[in-house]
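Q: give the three-dimensional model of this entry:
(chains A and B)
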Amino acid sequence: MTAQHGDELVGVYMARLGAALAGLAPERRDEIAGEIANHIAEERAGLSAESDADLQSLLERVGDPIEIAAAADVQVTSAAAARTWGGLEVAALVLIPLFWPVGVILLWLSSAWRVRDKVIGTVLPPVGFLGFALAGPAALLGGGGGSCVTESDSAGNVIYQSCTGVAALPGWVQALLGVAALAGIAVLLVMPVLVAIYLAIRLRRGANKRRAQNAGRDERTSWTGGSAAIS
Amino acid sequence: MASAMPIDGLATQLRKGVIEFCVLALLRDRPRYGGELVQLLRERQGLLVSEGTIYPLLSRMRSEGLVETEWSDTSGGHPRRYYRLSRAGQKAVAEFRGEWLAFRSTVDSILEIGGRDR
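A: The predicted model follows:
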């Protein structure tokens, strides 16, 4: 067999490996493929006369690319499950109510949420900030917008009162408006907090689901947990 | 565990549980490169079937901080990535060793007495 044919065999193997590892992050894929390419090159250098059969059995020992990818895959899912409660997600949850512009960036950086949840986290909290903008006029409305001109006599008794605007409405209407406005503002103001709570629930649900999926095939994690969790 | 697990499936499960710690233990004395680890495991039957699967394992242990890597220039040849045990890795090996010894003696005692009252 020529060296060129050998290179071709290795090339085909590496192409299959690359395809099998396609689901991984590029950095990880390059690391694994690079190490295996090195491994194969060193083993080849150790062969005295490289025969077709030698090279075939070498590649067979290295293993089926699918099997290697499966070993990488299991680890990816367990790493993702571990990452579910990482600092990034906690920071996003804290910052969405407190400082939404940064919180929303962290939200989109995280891979722990589905796109739908990210959209909710992006769209709904600003509605709460609208609450701040409305709080001023609404407070005026509830707390006696409009004005009254009152004249009192020297003893302090009201002898004349003329009101305009909201203040001209009957007292119970004013009270109702005030309550409605306050309730509306309250909902708007707690919206970012509600969204953060919703996102935290989604996070936990995702983690549970992934844990259940891994439980069957990733016993390795029970070892690394430190306790002998073999049941 | 499934009651009707085929015996080779059982071997796979057992291997999966310990291979990571065996690799870490092989790094206790000094840093080694991938091919060297494969060579050492090849001498010990039944731990590593597809040799290439050690690289995803090493990659993950690196991202978990159990091992650290550095490139070494071997004169003329390929640069090799050497894997070194981190402090967390040393701790993991020590913990596993304790678990394993206790686990092994439990299983051994059950296998030997067959569950009879002593």
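Q: stretch B:97-117 and chain A in contact?
A: Yes - applying Cβ under 8 Å from any Cβ of the partner chain, one finds stretch B:97-117 touching chain A at B:E99, B:A102, B:F103. Every residue, glycine included, has its C-beta placed from N, CA and C.
Q: which secondary structure elements does the helix or strand harbouring the second one sit against?
A: When secondary structure is defined using DSSP states H and E, the element that contains B:A102 is helix B:87-113. Judged by 3 or more Cβ pairs under 8 Å, 6 or more residues apart in numbering or on different chains; DSSP states H and E, helix B:87-113 is in contact with helix A:220-224, helix B:7-26.
Q: who wins on neighbours among the residues of stretch B:97-117 next to chain A?
A: Most neighbours among the residues of stretch B:97-117 next to chain A, by other Cβ atoms under 10 Å in any protein chain shown: B:E99, with 17 neighbours.
Q: quick one: that residue from B:R84, how far?
A: As judged by Cβ to Cβ, to the nearest Å, B:E99 and B:R84 stand 23 Å apart.
Q: same thing with A:V149?
A: Taking Cβ to Cβ as the measure, A:V149 falls 85 Å from B:R84.
Q: with neighbour numbers in mind, choose between those two.
A: B:R84 (13 against 9).
Q: in terms of helix, strand or coil, where does that one fall?
A: At B:R84, secondary structure determined by DSSP: H, G, I helix; E, B strand; the rest coil is strand.
Q: pretty sure it is in contact with B:E68, am I right?
A: Yes - with contacts counted by Cβ atoms under 8 Å, B:R84 reaches B:E68, the gap being 5.0 Å.
Q: output the residues of stretch B:97-117 next to chain A in CSV; the columns should cover pLDDT.
A: As requested, the residues of stretch B:97-117 next to chain A are exported to CSV (pLDDT from 0 to 100):
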residue, pLDDT
B:E99, 96
B:A102, 96
B:F103, 95
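Q: pLDDT of stretch A:17-33, averaged?
A: Across stretch A:17-33, the average pLDDT comes to 93.
Q: pick the most buried one from the helices and strands packed on helix B:87-113.
A: With neighbours taken as mean count of other Cβ atoms under 10 Å in any protein chain shown, the helices and strands packed on helix B:87-113 reach their highest mean count in helix A:220-224, at a mean of 18.
Q: so for that helix, mean pLDDT?
A: 40.
Q: same deal with stretch A:162-176?
A: For stretch A:162-176, mean pLDDT is 76.
Q: quick one: terminal-to-terminal distance for that stretch?
A: Stretch A:162-176 has its terminal residues 21 Å apart, counting by Cα to Cα, to the nearest Å.
Q: low-confidence stretches in chain A?
A: For chain A, applying pLDDT under 70 flags the ranges A:1, A:73-85, A:128-129, A:131-148, A:163-167, A:205-231.
Q: distance of the residue in it that chain B sits nearest to relative to B:M61?
A: When scored by Cβ to the nearest Cβ, chain A has A:G63 as its residue closest to chain B, at 2.6 Å. The gap separating A:G63 from B:M61 is 18 Å, by Cβ to Cβ.
Q: look at the closest residue to A:M14 other than its chain neighbours and say how many residues are nearby.
A: Excluding its sequence neighbours, the residue lying closest to A:M14 (Cβ to Cβ, 6 or more residues apart in numbering or on different chains) is A:A37, at 6.2 Å. Applying other Cβ under 10 Å, we find 15 other residues in the vicinity of A:A37.
Q: just confirm A:A37 is within a helix.
A: Yes - counting by three-state DSSP, A:A37 is found in a helix.
Q: which residues are in contact with the helix or strand hosting A:R16?
A: In this assignment (DSSP H and E), A:R16 forms part of helix A:3-20. Helix A:3-20 has contacts (Cβ atoms under 8 Å, 6 or more residues apart in numbering or on different chains) with A:29, A:33, A:36-37, A:40, A:44, A:50, A:52, A:55-56, A:59, A:62, A:65-66, A:68-69, B:52.
Q: again, only using 10 Å
A: Outside helix A:3-20, the residues within contact range by Cβ atoms under 10 Å, 6 or more residues apart in numbering or on different chains are A:1-2, A:29-30, A:32-33, A:36-37, A:40-41, A:44, A:47, A:50-52, A:54-56, A:58-60, A:62-70, A:72-73, B:52.
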